[in-house]
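Engineer: For reference, the sequence and a predicted model appear below.
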Amino acid sequence: MLEKNNSYFQDLHLLRGVAILSIVISHASDTYLYYHQQIAGEYEPGRLLTAINEVLWHDTTIYFTLISGLLFSTVLASRGWTAFFYGRARNVLLPYMAMSALFTLIDYHIDIKGNAFYVYNYGFFPYLKEVLKNILLGKASFPYWYIPILFFLYLLTPVVYLIARRISLLIMIIAILPLFFSRTLILLSPQSVIFFLGAYATGIYFGINYKENISYLRSRIVVFATIAAITTILLLIFYINEWSTDGLVSIEESLFYLQKFSLTALFLVVLNNYQNQLPSWLGVFAKYAFTIFFIHTFFLHILTSIALALVPPPVPTTGLILVMIVILIIGMLICVGISTVLKHVFGRYSRMLIGA
């Protein structure tokens, strides 16, 4: 069981574990189902599971955005702006650059015609140019699209924190803007910054009076559970019927925003109530969350290609679920194992290189 640690907010720490587990589940399922469909063609069990997977796990990055806001106002704000920006540069920017350089150099691709390691071999200066482009746009690995957006949020932090302390009504307006400015999926854009700024600003505001606000969530737990249930049902209807709304406002993205906000409220209440009674592996996932975020897709692609070879499509529904669970478990074990080894190897420099 987890041991109590008063040096940080343990429930927020554990929420990071929930967030990274959600993201890896999403990508493990997405990757396998996508390539299974590519080989098997239109396949009803795969189509249904894809819809369920999207509804449950799409936009789980919002969890991380809320955590970033919460941690700023509960922990980092008291340390001053110099420490904040130095810490973001040291603990986020440097490992992001290091991992971007690595995965620009090598990667693993899945192709239904054959799987292969990719090694960049077009010369140093073209490689350097590619690395810089990937860093700016978040393209070295699939989930890296989020990091440039996160840095825009960091730059906006002084303004958001000032507003959160003095003009709560404006924070409420910022919080609902994502309902009208949908993210542009994995592309860096003003819309995406606005979308995630809503969650970030809410986290900062919520964290200023964290204990009182947790009590508020606890008293409104039925409301948040109801919102989570209604938005999930509506999203299932949208995905099963293949309805889609694009443009500045996507109804699906607005529903996902409300769903993930409500689920975060539920997670926070549960984690706050039972933070010392939860299994230790959740704390391990939280501890290595950033490193797992950086490296997991590389290994998920390898595991998916192995699964497709060992269990050729089409696979029945039960088989699909079992394969996804196996990929998830092995993928998480590999990521935690590698994170542990790298942290031991690099010691106190590990946060600058791998984020842990």
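Structural biologist: Now that the structure is in, tell me what you want to look at. Numbers count the residues shown, from 1 in each chain.

Engineer: Next up, the contacts around the spatially closest residue to Phe294 that is not a sequence neighbour.
Structural biologist: Spatially, and ignoring its direct neighbours in sequence, Phe294 is nearest to Met99 (4.4 Å; CB to CB, 6 or more residues apart in numbering). Bear in mind the C-beta positions are built from the backbone N, C-alpha and C, glycine included. By CB atoms under 8 Å, 6 or more residues apart in numbering, the contact set of Met99 is Ala140, Ser141, Tyr144, Phe294, Ile295, Ile354, Gly355.

Engineer: who wins for neighbours among these?
Structural biologist: Phe294 (27 neighbours; other CB atoms under 10 Å).

Engineer: these two touch, right, that one and Gly355?
Structural biologist: Yes. Using CB atoms under 8 Å, Phe294 makes contact with Gly355 at a distance of 6.0 Å.

Engineer: Please enumerate the shared neighbours of the two.
Structural biologist: With CB under 8 Å, 6+ apart as the test, Phe294 and Gly355 both reach Pro95, Tyr96, Met99.

Engineer: Could I get the buried residue list for stretch 232-240?
Structural biologist: For stretch 232-240, a neighbour-count test (16 or more other CB atoms under 10 Å) marks Thr232, Leu234, Leu235, Leu236, Phe238, Tyr239 as buried.

Engineer: cool, stretch 134-150 as well?
Structural biologist: Residues of stretch 134-150 classed as buried: 134-135, 137-150 (neighbour count, 16+ other CB under 10 Å).

Engineer: got a list of contacts for it?
Structural biologist: 23, 27, 61, 64-65, 68, 92, 96-97, 99-104, 107, 131, 133, 186-188, 192-193, 196, 293-294, 296-298.

Engineer: if we go to 6 Å?
Structural biologist: Here stretch 134-150 makes contact (CB atoms under 6 Å, 6 or more residues apart in numbering) with Thr61, Tyr96, Met97, Ser100, Phe103, Thr104, Ile186, Leu188, Ser192, Val193, Phe196, Thr297.

Engineer: swap in stretch 227-234?
Structural biologist: Leu255, Leu258, Gln259, Ser262, Leu263.

Engineer: which residues of the protein score low on pLDDT?
Structural biologist: Along the chain, the parts satisfying pLDDT under 70 run over 1-8, 43.

Engineer: Residue most distant from the centroid, it?
Structural biologist: Gly123 (33.2 Å; CA atoms, centre = their mean).

Engineer: Phi and psi next, for it.
Structural biologist: phi 100, psi 160 (degrees, to the nearest 10).

Engineer: Now do it against Lys129, distance only.
Structural biologist: 10 Å (CB to CB, to the nearest Å).

Engineer: Kindly report the same for Ile112.
Structural biologist: Ile112 is 30 Å from Lys129, by CB to CB.

Engineer: after the helix or strand where Gly283 lies, next one along is what?
Structural biologist: Assigned by DSSP states H and E, Gly283 belongs to helix 280-287. Using DSSP H and E, the next helix or strand after helix 280-287 towards the C-terminus is helix 289-310.

Engineer: follow-up on the earlier one: dump the buried residues of stretch 232-240 into TSV; add distance to Tyr349 as well.
Structural biologist: Output for these, formatted as TSV (distance: CB to CB, whole Å):
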residue	distance to Tyr349
Thr232	43
Leu234	47
Leu235	43
Leu236	46
Phe238	46
Tyr239	44
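
Engineer: re earlier: tell me which of the contacts of stretch 134-150 fall in helices.
Structural biologist: Within those, residues falling in helices by DSSP state H are Thr61, Tyr96, Met97, Ser100, Phe103, Thr104, Ser192, Val193, Phe196, Thr297.

Engineer: Would you state the strands of the stretch 51-200 of the chain in chain order?
Structural biologist: Secondary structure of the stretch 51-200 of the chain (DSSP state E, counting those that start in this stretch): strands at 106-109, 116-119.

Engineer: what does the last one contact?
Structural biologist: Where contact means CB under 6 Å, 6+ apart, the residues beyond strand 116-119 that reach it are Ile106, Asp107, Tyr108, His109.

Engineer: swap the cut-off to 8 Å and go again
Structural biologist: By CB under 8 Å, 6+ apart, strand 116-119 touches Leu105, Ile106, Asp107, Tyr108, His109.

Engineer: Please apply the same query to stretch 163-179.
Structural biologist: Taking CB under 8 Å, 6+ apart as the rule, stretch 163-179 contacts 73, 160, 194-199, 201-202, 204-205, 208, 249, 253-254, 257-258.

Engineer: And it, how far out from the chain middle?
Structural biologist: The chain centroid and the centroid of stretch 163-179 are separated by 23 Å under CA atoms, centre = their mean, to the nearest Å.
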